[in-house]
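[1] here is the input, now give the coordinates:
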Amino acid sequence: MPESTESPGVFRRPVSRRTLLTGAAAGVLAPVLVTGAQAHAEVRPGAGTGSVAVKATGDGSKPVTRKVTLYAESVAGGLTGYGLEPGQATVPGPILEMWEGDTYEITLVNNTSERLSIHAHGVDYDTASDGTPMNDSATEAGQTRTYVWKTHTAHRRKDGTWAPGSAGYWHYHDHAMGGDHGTKGISQGLYGALIVRRSKDILPDKQFTVVFNDMTINNKVGADVPTLEAKLGERVEFIAIGHGNNFHTFHVHAHRWADNRTGLLDGPHDATPLIDNKDLNPGSSFGFQVIAGEGVGPGAWMYHCHVQYHADGGMVGVFLVTDEDGSVPASAQTALDRFHSGHMGHMGGMDHP
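    Down below sits the predicted model:
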């Protein structure tokens, strides 16, 4: 049986001046210690996306049950988000990570005035943890409910075929606010990334959740879209998620990845296609890792929807790759200033759906 761990508190540390200047997220969080096997879950920065990550250390060789409390609360700007502490909800919500074989027991505290829930993609759960009104597993206003998500490794079925494991870049979201499908909750920001890793997967230095939600990125447009910042040579993980009613493509300038589960090649003869643009449609998700600035150097690199009128409408952000010491090259700063004050500055006042 998996051993149990539980995340108690979250402790803050200062946000750098550069992070504030470039629009990266406030609320950078330090590690959270827990007890039990693989003794601590780590909360690390999700700078630029408004979220943090809860991740078990170790290599996934020994399954654990992790207990986490999420608070659903109102967020500035008429949004609603999930957070790890009261008053700390963000859009997107925290990145939740598991190793194949792990279990999450998520206690959802609904601090809003409306019914809502949390529904997961890619993991195992019974109807009581489905997060839908149909299965009577929503959380009423002011109430608390525990949802249990389980994962598994690949295994041979009785008929000799192989069942795939749970590893992948998934996501979670509301499925009950404003109706049986959570349309209102999703439109207001009740969503986040869920990662299930295979044992001994390579771990990143930085993580960014990027959600194309109707005509917004993380419910922002234009100059308000978060700037994602990494140092030259850092291993960066993107988790891309689609929501809403529009079809999109996700593109990152000057960086590319393998079109597979991890975004990484298995070796020099791996024939997996390399891509830098991929469809990102409602309910879909994928992820990948890149080395910031590999082969191209530091700079202000766009990430955006490649549907042209979506980009023109403000679905554009900046992936800022600094020098190794964290300083911003003059050319990159000029590009950032141009983006925020001129190129996309007029988009900052657009209405968000």
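
[2] how close does His340 sit to His253?
    Going from His340 to His253 by Cβ to Cβ, to the nearest Å gives 17 Å. Every residue, glycine included, has its C-beta placed from N, CA and C.

[3] okay, the two: which has more neighbours?
    Per other Cβ atoms under 10 Å, whichever of His340 and His253 has more neighbours is His340, with 19 against 14.

[4] quickly find the element holding Ser331.
    Assigned by DSSP states H and E, Ser331 belongs to helix 330-338.

[5] what lies in contact with that helix?
    22, 227, 298-300, 318, 320-322, 328 (Cβ atoms under 8 Å, 6 or more residues apart in numbering).

[6] buried subset of these as a PyMOL selection?
    Buried subset of these, written as a PyMOL selection, criterion 16 or more other Cβ atoms under 10 Å:
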select buried, resi 22+227+298+299+300+318+320+321+322+328
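
[7] so which of the contacts of helix 330-338 are in strands?
    In this view, these that belong to strands under DSSP state E are 299-300, 318, 320-322.

[8] now those in JSON lines, with distance to Arg115 and pLDDT?
    Converted to JSON lines, the ones in strands among the contacts of helix 330-338 look like this (distance: Cβ to Cβ, whole Å; pLDDT from 0 to 100):
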{"residue": "Gly299", "distance to Arg115": "46", "pLDDT": "98"}
{"residue": "Ala300", "distance to Arg115": "42", "pLDDT": "97"}
{"residue": "Val318", "distance to Arg115": "37", "pLDDT": "96"}
{"residue": "Leu320", "distance to Arg115": "39", "pLDDT": "97"}
{"residue": "Val321", "distance to Arg115": "43", "pLDDT": "98"}
{"residue": "Thr322", "distance to Arg115": "44", "pLDDT": "98"}
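
[9] between those residues, which is closest to Lys62?
    Within the ones in strands among the contacts of helix 330-338, proximity to Lys62 (Cβ to Cβ) peaks at Val321, which comes in at 36.3 Å.

[10] need the contact list for that closest one.
    With Cβ under 8 Å, 6+ apart, Val321 has these contacts: 230-232, 292-293, 297-301, 332.

[11] which of these are buried?
    By neighbour count, with 16+ other Cβ under 10 Å, these hold 230-232, 292-293, 298-301, 332 as buried.

[12] from those, pick the one nearest Asn281.
    Asn281 lies nearest to Trp301 out of the buried ones among the contacts of Val321, by Cβ to Cβ, at 23.5 Å.

[13] may I have the beta-bridge partners of the closest one?
    In this entry, Trp301 is beta-bridged to Phe319, by DSSP bridges.

[14] ok, it to Leu336 distance?
    In terms of Cβ to Cβ, Trp301 sits 11 Å off from Leu336.

[15] kindly report the same for Pro268.
    From Pro268 across to Leu336, the span is 37 Å (Cβ to Cβ).

[16] give me the residues contacting stretch 149-168.
    With Cβ under 8 Å, 6+ apart, stretch 149-168 has contacts from 98-104, 106, 120, 122-125, 129, 195-199, 201, 261.

[17] same thing but 10 Å
    2, 60, 63, 65-66, 96, 98-106, 118, 120-126, 129, 170, 172, 194-199, 201, 261-262, 285-287 (Cβ atoms under 10 Å, 6 or more residues apart in numbering).

[18] how far off centre is the strand or helix carrying Phe250?
    Using DSSP H and E, Phe250 falls within strand 248-252. Counting by Cα atoms, centre = their mean, to the nearest Å, strand 248-252 is centred 16 Å from the centre of its parent chain.

[19] may I have the strands that pair with the helix or strand following that strand, each with its orientation?
    With elements assigned by DSSP H and E, the helix or strand that comes after strand 248-252 is strand 257-258. Strand 257-258 has its sheet partners listed here by DSSP bridges as strand 274-275 (antiparallel).

[20] what about the longest strand in this protein?
    Counting residues, the longest strand found in the chain (DSSP E) is strand 64-75.

[21] show me what that strand is packed against.
    strand 3-6, strand 41-46, strand 51-56, strand 79-83, strand 95-99, strand 103-110, strand 144-150 (3 or more Cβ pairs under 10 Å, 6 or more residues apart in numbering; DSSP states H and E).
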